[in-house]
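Novice: attaching a predicted model along with its sequence, questions to come.
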Amino acid sequence: MIDKRVASFKEAVADIPDGASVMIGGFGSSGIPLKLIESLRQHGAKGLTIISNNAGVAEEGIASLLRDGLVSKIVCSFPRSAGSKWFEKRFEEGSIELELVPQGTLSERIRIAGAGIGGFLTPTGYGTRLAEGKETKIIDGKGYVLELPLPADFALVRAECGDPWGNLIYNTAGRNFNPMMASAARVTIVEVNSIVEVGGLNPEHVVTPGIFVDRLVAEEVHHAQA
Amino acid sequence: MIDKRVASFKEAVADIPDGASVMIGGFGSSGIPLKLIESLRQHGAKGLTIISNNAGVAEEGIASLLRDGLVSKIVCSFPRSAGSKWFEKRFEEGSIELELVPQGTLSERIRIAGAGIGGFLTPTGYGTRLAEGKETKIIDGKGYVLELPLPADFALVRAECGDPWGNLIYNTAGRNFNPMMASAARVTIVEVNSIVEVGGLNPEHVVTPGIFVDRLVAEEVHHAQA
Amino acid sequence: MLRLSPEQMAERVAQDIPDGAYVNLGIGMPTKVSNYVSGDKQVIYHSENGILAVGPAPAPGEENPNLINAGKQYVTLLPGGCYFDNAESFAIMRGGHLDIAVLGAFQVSARGDLANWATNNDKYPPAVGGAMDLAVGARKLFVVMRHTTRDEEPKILEECTYPLTGTGVVRRIFTDLAVIDVTPDGLRVVELFGENTFEEVQALTGARLLPPA
Amino acid sequence: MLRLSPEQMAERVAQDIPDGAYVNLGIGMPTKVSNYVSGDKQVIYHSENGILAVGPAPAPGEENPNLINAGKQYVTLLPGGCYFDNAESFAIMRGGHLDIAVLGAFQVSARGDLANWATNNDKYPPAVGGAMDLAVGARKLFVVMRHTTRDEEPKILEECTYPLTGTGVVRRIFTDLAVIDVTPDGLRVVELFGENTFEEVQALTGARLLPPA
């Protein structure tokens, strides 16, 4: 039987090695897999490349990975926010590399990595500093930048509810980067509030098809067959 | 008040001019806006470019447009099916132009037309006849074909249910090309079984956001506020 | 000279938002615009993180931590709204589906170049978010900003000196002194607030202005 | 020589579909494969039009005209299945998420080139569908076809003479005579059906074969 549930957050991230690239879903405070991130922090893999829209605030989430010195590079659209002190500290001391990507380019680069597409031409950023060094193309008088896929070794995804096959639904704007990231990593690990039995999600409402998901973990796995 | 409902199928297509490009949703017998197509046929605009996965069978749908000589070009992945006699006849007599596009390239070209992307690199078709004359690129030893956006003047879309703002849900595999087409035309016209009041669709379940839709027509519009 | 308050500037922008428009209000001052859109207009607000028909702030205690806008403030959803992922949200932005976007700016050039994401201080960590996508994608891009810096330096310039967000993207500039359109002929003043004169506004502008037509 | 029936060929392919696999069965003969997958394996079938976990044909009178597979046959959905649009469906195919795709073929070359969408008759209207996307995207591409044409002409060739679907994409060929792998060394026979000999199969093949290892 196909069953992607794992017993604990700790087990879910146990094989993430030093130097791995890890996508982390979320936008601001919304749709972040906080328990998976905390497990990753405790696991202690170093030299990570983190791909995420933001870089965490206060002592929580990605900020805790930056604080503990586990991150060597971050690919991000909006790393600086009110309270992003650990990102700012690591950036200013030069201990992390930042690849700044416009937000729509970030989500599309992740999407195409999952979709087997080799690149896309976007007008976003054309003629700006963020296009420097990139291939450009003029089509019908409009300038475009060639952007390449952005895959990862692991994705940490936050959803509202899943089933043992990995089908997922989300909560309001908590969707954000999570569906694209689920499709773009070699191993996709999902944190959910609850797990229902196979067939418990309406097939019209599923946002992430289970084929993209490798591991699923909820707070209380023993309630899974409820 | 935003209200995209129109009173009849006839009115919905009345401004489609000769020579227009028209996307038509559907795959096989599934998710086809048959009433809108029939209204378009009766409207009688000529020299149409039709963009659709299939080219119709028997006397129905796109086949009826081909039979009546209203189509000058068709962009299609699988025009020939059991019963596609009008497509075969028009093709063999040389009265229509065929642009054959691999199915995933067709849906993605439509998607990027709606997403403001200027092109994408796909491995699909590389090294085959369908890539002839197209720009190609080798990245990390893998060959890609540059495919360009495929927009249209009008899209005829089939959904299950909508609201007056144009939010849409679909029926099972009737989704197929409809959501991408809804996003990629200058004017998007939708045929639905039923229309519910604004707020009548669960915001988590909406597949096509109303922003993509211009006109919505159901069999019985006077029941719309039920 | 009459200098509008931020609230008055937001109110002036709101007058130019038509009924039925799909609108994205950037973070910061532009978010005030929705407070002044007349109640007889129906305007649908888009938030880049994946919301259409953003509603007002929730009552205290009713916040859903997942339901925030691009400025990370708690919001609600209006009836008729929906959610989607970030790739779809930026398809809406980049694909020309929004009627109007309203952004703040550090600088705008005579050709409508926009600079609003970075200064020339490379030590300050940068952030770009969705600004570049909105700049290229919205059908009309409105900028709302003070006419000058706090040091009275002009922010409307022949050429931006800060890194660009987009080139030739701004349609209309709403400042605390005037409303100015970016036209093929150049920057044209379309409205002067209070008793402000064309010459006064020109004197605080780093690019040549055209007088009201 | 022993020539398997189409049903026997489908049964042989089914043996190579592992438990838990995500599989796309092309139109025509490959669709028979699911009839022979052992009941103790859980296999999830993908249909290119936008379905995961395709189930069996509905009972008469229970058909939903929207719920069809890629071959335009009425199907059902299994519990745990879901629907998505065509762009997402092809993201699944092109993006390497399917473990196995099974396609029919006109010809396969020694390097694993596949020709299955067109002949050299340009007057016959062509159709390509999702074949090219499956060919490049599935992790493993299985071909199931008769070893020769009805005129006993070989279909496994040094070079395909028909228009290609994809280059170097086929992993394993299941014919009515044998199972043959496309390897970096060339085409290797991995199984001969019944009493069929390597030499007999080689004689009906238009490319050099390697004997079973």
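Specialist: That came through fine.
Novice: just confirm C:Ile17 contacts C:Val23, I think it does.
Specialist: Yes - at 6.0 Å, C:Ile17 counts as touching C:Val23 under the criterion of CB atoms under 8 Å. C-beta here means a position set from N, CA and C on the backbone, and glycine is covered the same way.
Novice: list the residues that contact both of those two?
Specialist: Common contacts of C:Ile17 and C:Val23 (CB atoms under 8 Å, 6 or more residues apart in numbering or on different chains): C:Val43, C:Ile100.
Novice: leaving out sequence neighbours, find the closest residue to residue 63.
Specialist: Let's take chain A. Spatial nearest neighbour of A:Ala63, excluding adjacent residues (CB to CB, 6 or more residues apart in numbering or on different chains): A:Gly56 at 3.1 Å.
Novice: let me rephrase: I mean chain C.
Specialist: C:Tyr74 (4.2 Å).
Novice: what do you get for C:His147?
Specialist: Among residues not flanking C:His147 along the chain, C:Thr175 sits closest, at 3.8 Å (CB to CB, 6+ apart).
Novice: gap between the one you found and chain D?
Specialist: C:Thr175 sits at a distance of 42 Å from chain D (criterion: CB to the nearest CB, to the nearest Å).
Novice: got a pLDDT number for that residue?
Specialist: Looking at C:Thr175, its pLDDT stands at 98.
Novice: list the contacts for the most centrally placed residue in chain A?
Specialist: Nearest to the geometric centre of chain A sits A:Ile24, at 2.7 Å (CA atoms, centre = their mean). Listed by CB under 8 Å, 6+ apart, the contact set of A:Ile24 reads A:Ile32, A:Pro33, A:Ile37, A:Ile50, A:Ile51, A:Ser52, A:Gly61, A:Ile62, A:Ala155, A:Leu156, A:Met181.
Novice: so which of those residues wins on neighbours?
Specialist: Neighbour tally across the contacts of A:Ile24 (other CB atoms under 10 Å in any protein chain shown): the maximum, 36 neighbours, falls on A:Met181.
Novice: residues contacting it?
Specialist: Counting by CB under 8 Å, 6+ apart, A:Met181 has contacts A:Met23, A:Ile24, A:Gly25, A:Ile51, A:Ile110, A:Ala152, A:Ala155, A:Leu156, A:Val157, A:Thr188.
Novice: now for the fourth one: which residues touch it?
Specialist: To tie it back to what came earlier, the one meant is A:Ile51. The contact partners of A:Ile51, by CB under 8 Å, 6+ apart, come to A:Ser21, A:Val22, A:Met23, A:Ile24, A:Ile74, A:Val75, A:Cys76, A:Leu106, A:Ile110, A:Leu150, A:Ala152, A:Met181.
Novice: was I right to think the first one contacts A:Ala45?
Specialist: No - with contact defined as CB under 8 Å, A:Ser21 does not count as touching A:Ala45 (11.1 Å).
Novice: and A:Leu40, that one's in a helix?
Specialist: Yes - when DSSP: H, G, I helix; E, B strand; the rest coil is applied, A:Leu40 is found to be in a helix.
Novice: contacting residues for it?
Specialist: A:Leu40 touches A:Val13, A:Ile16, A:Val22, A:Leu65, A:Leu70, A:Leu156, counting by CB under 8 Å, 6+ apart.
Novice: C:Val169: neighbour count?
Specialist: When neighbours are counted by other CB under 10 Å, C:Val169 registers 25.
Novice: what sits against it?
Specialist: Residues in contact with C:Val169 (CB under 8 Å, 6+ apart) are C:Gly112, C:Asp113, C:Leu114, C:Ala135, C:Val136, C:Leu141.
Novice: before we move on, what about A:Ile139?
Specialist: Going by CB under 8 Å, 6+ apart, A:Ile139 touches A:Leu121, B:Gly118, B:Gly119, B:Leu148.
Novice: circling back to that earlier point, got a winner among the contacts of A:Leu40 for most neighbours?
Specialist: Most surrounded of the contacts of A:Leu40: other CB under 10 Å gives A:Leu156, at 32 neighbours.
Novice: what distance do you get for A:Glu135 to B:Gly119?
Specialist: Taking CB to CB, to the nearest Å as the measure, A:Glu135 falls 12 Å from B:Gly119.
Novice: A:Asp15 now?
Specialist: Going from A:Asp15 to B:Gly119 by CB to CB gives 38 Å.
Novice: cool, and A:Ser194?
Specialist: Relative to B:Gly119, and taking CB to CB, A:Ser194 is found at 42 Å.
Novice: residues of the helix or strand hosting A:Gly143 that come out buried?
Specialist: Taking DSSP states H and E as the criterion, A:Gly143 maps to strand A:142-147. By neighbour count on 16 or more other CB atoms under 10 Å in any protein chain shown, the buried set for strand A:142-147 is A:Gly143, A:Tyr144, A:Val145, A:Leu146, A:Glu147.
Novice: could you dump the residues you listed to JSON lines with distance to C:Tyr83 and pLDDT?
Specialist: Formatted as JSON lines, these follow (distance: CB to CB, whole Å; pLDDT from 0 to 100):
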{"residue": "A:Gly143", "distance to C:Tyr83": "32", "pLDDT": "98"}
{"residue": "A:Tyr144", "distance to C:Tyr83": "29", "pLDDT": "98"}
{"residue": "A:Val145", "distance to C:Tyr83": "29", "pLDDT": "98"}
{"residue": "A:Leu146", "distance to C:Tyr83": "30", "pLDDT": "98"}
{"residue": "A:Glu147", "distance to C:Tyr83": "25", "pLDDT": "98"}
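Novice: need the max-distance pair from those residues.
Specialist: The largest separation in the buried residues of strand A:142-147, counting by CB to CB, is between A:Gly143 and A:Glu147 at 13.2 Å.
Novice: count the residues that sit near C:Asn64.
Specialist: Neighbours of C:Asn64 using other CB under 10 Å come to 16.
Novice: wait, it sits on C:Leu77?
Specialist: No - using CB under 8 Å, C:Asn64 is not in contact with C:Leu77, being 9.5 Å away.
Novice: what is in contact with the two at once?
Specialist: Contacts common to C:Asn64 and C:Leu77, judged by CB under 8 Å, 6+ apart, are A:Thr172.
Novice: list the contacts of the closest residue to chain B within chain C.
Specialist: Per CB to the nearest CB, C:Pro79 is where chain C lies closest to chain B, at 2.9 Å. Contact analysis of C:Pro79 by CB under 8 Å, 6+ apart lists B:Val198, B:Gly199, C:Ala53.
Novice: residues contacting the residue of chain A found nearest chain D?
Specialist: Minimum separation of chain A from chain D (CB to the nearest CB) falls at A:Gly199, amounting to 2.8 Å. Applying CB under 8 Å, 6+ apart, we find A:Gly199 in contact with A:Asp163, D:Pro79, D:Gly80.
Novice: redo those as CSV? Include secondary structure and pLDDT.
Specialist: Shown next, in CSV, are the contacts of A:Gly199 (DSSP: H, G, I helix; E, B strand; the rest coil; pLDDT from 0 to 100):
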residue, secondary structure, pLDDT
A:Asp163, coil, 98
D:Pro79, strand, 98
D:Gly80, strand, 98
